[in-house]
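Asks: Sequence plus the predicted model coming up.
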Amino acid sequence: MADIKAQVRTFIQDNFIMGAKAAEFADGDSFMDHHLVDSTGFLELITYLEESFGITVDDEDMVPENLDSLNAIEAFLASKRAV
């Protein structure tokens, strides 16, 4: 599962973060609280997750508990794959 975090971290760094200072964030850091991803960015992140991991993110899945940190995304993907 650490591979999932690494892949998503790379996507966020490559697509949303400007400058080296902001590139450091912990697995549990909130993307919103740390201003890493904005509302449009979350739509891009959802598209990335669906295409990269073969899942569907339903409307009811679009909550911070599922998508607002690397830890949350890892747990969310694990739950979607278990279905």
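Replies: Alright, I've got the coordinates. Numbering: from 1, shown residues only.

Asks: OK, contacts around the nearest residue to I46 once chain neighbours are set aside?
Replies: Among residues not flanking I46 along the chain, V57 sits closest, at 4.8 Å (CB to CB, 6 or more residues apart in numbering). Every C-beta, even on glycine, is put in place using the N, C-alpha and C of the backbone. Taking CB atoms under 8 Å, 6 or more residues apart in numbering, we find V57 in contact with 46, 49-50, 66-67.

Asks: so how far is A72 from V57?
Replies: 12 Å (CB to CB, to the nearest Å).

Asks: unless I'm mixing things up, N71 is touching S30, no?
Replies: No - if you go by CB atoms under 8 Å, N71 and S30 don't touch, sitting 10.2 Å apart.

Asks: May I see the buried residues of the helix or strand of the chain with the lowest mean pLDDT?
Replies: Lowest on mean pLDDT, DSSP states H and E among the helices and strands of the chain sits helix 2-15, with a mean of 91. With burial defined by 16 or more other CB atoms under 10 Å, the residues of helix 2-15 counted as buried are 4-5, 7-9, 12.

Asks: So what's the gap between stretch 64-82 and the chain middle?
Replies: 8 Å (CA atoms, centre = their mean, to the nearest Å).

Asks: what's the pLDDT at N71?
Replies: Reported pLDDT at N71 in the predicted model: 97.

Asks: so F42 makes contact with L67?
Replies: Yes - using CB under 8 Å, F42 is in contact with L67, at 6.4 Å.

Asks: Looking at those two, which one has more neighbours?
Replies: Higher neighbour count among F42 and L67: L67, with 20 against 17, using other CB atoms under 10 Å.

Asks: ok, now which ones touch the more buried one?
Replies: Contacts of L67 by CB under 8 Å, 6+ apart are 31, 42, 45-46, 57, 61, 73, 76.

Asks: Check A6 too.
Replies: So A6 contacts nothing (CB under 8 Å, 6+ apart).

Asks: if you set the cut-off to 10 Å instead, what comes out?
Replies: L70 (CB atoms under 10 Å, 6 or more residues apart in numbering).
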